[in-house]
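Enquirer: could you work out the structure for the sequence below:
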Amino acid sequence: MAWIIVSTTEPDVARLARRMKELRADRGLTYEQLAEASGLSRRGVIALETGERGGAVTTWYKVARALGATSAEFFGMLDD
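Expert: This is a model prediction of the structure:
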C-alpha cells in the first residue's frame, strides 16, 4: 500500500486542519479522546490540527469518522 503525504504548505491541508479543530471543539472532544477514537496518537492529532503535519488521506478519513462527520461535512469545504 502506498501512502500519499500531503504537504502542510498546501492550502487545503490548512483548511482541513481548521475544520478538524472546529469539529473537535463543537463535539467537546479533547485531543486524547479524538486520538483514542481515531487510532492516532495524541501527538499525531495535535500535529494534524496545528498543520505541523499534512497526513495521509487515510489519516484524514480516520479523523473524520472519529469526529462523527460525514465525508461531505468534513471534506466538502474543499470544493469551495
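
Enquirer: what does the helix or strand bottoming out on mean pLDDT in the chain contact?
Expert: Taking mean pLDDT, DSSP states H and E as the measure, the chain has helix 71-75 as its least confident helix or strand, at a mean of 89. Residues from elsewhere that reach helix 71-75 (Cβ atoms under 8 Å, 6 or more residues apart in numbering): 16, 19, 23, 60, 61, 63, 64, 67. Any C-beta I mention is one placed from the backbone N, CA and C, and that applies to glycine too.

Enquirer: with stretch 11-21 instead?
Expert: Counting by Cβ under 8 Å, 6+ apart, 6-8, 48-51, 54-55, 60, 63, 67, 74-75, 77-78 sit against stretch 11-21.

Enquirer: most neighbours among those, which one?
Expert: Among those, residue 63 has the most neighbours (other Cβ atoms under 10 Å), with 28 neighbours.

Enquirer: ok, the residue nearest to that residue when sequence neighbours are not counted to residue 54 distance?
Expert: Using Cβ to Cβ, 6 or more residues apart in numbering and skipping the chain neighbours, the partner closest in space to residue 63 is residue 38 (5.3 Å). Residue 38 sits at a distance of 16 Å from residue 54 (criterion: Cβ to Cβ, to the nearest Å).

Enquirer: and the helix or strand harbouring residue 12, how far out from the chain middle?
Expert: Residue 12 is part of helix 11-26 when elements are defined by DSSP states H and E. Taking Cα atoms, centre = their mean, to the nearest Å, one finds the center of helix 11-26 at 7 Å from the center of the full chain.

Enquirer: may I have it as CSV, with CA atoms only?
Expert: What follows is helix 11-26, C-alpha atoms only, in CSV (Å, rounded to 0.1, in the frame of the first residue of the first chain):
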residue,chain,number,x,y,z
PRO,A,11,-4.0,25.5,1.4
ASP,A,12,-6.3,22.5,1.5
VAL,A,13,-4.4,20.9,4.4
ALA,A,14,-4.7,24.2,6.3
ARG,A,15,-8.4,24.1,5.7
LEU,A,16,-8.7,20.5,6.8
ALA,A,17,-6.8,21.4,10.0
ARG,A,18,-9.2,24.3,10.7
ARG,A,19,-12.2,22.0,10.0
MET,A,20,-10.8,19.4,12.3
LYS,A,21,-10.3,21.9,15.1
GLU,A,22,-13.8,23.3,14.6
LEU,A,23,-15.5,19.9,14.7
ARG,A,24,-13.4,18.7,17.7
ALA,A,25,-14.4,21.8,19.6
ASP,A,26,-18.1,21.6,18.6
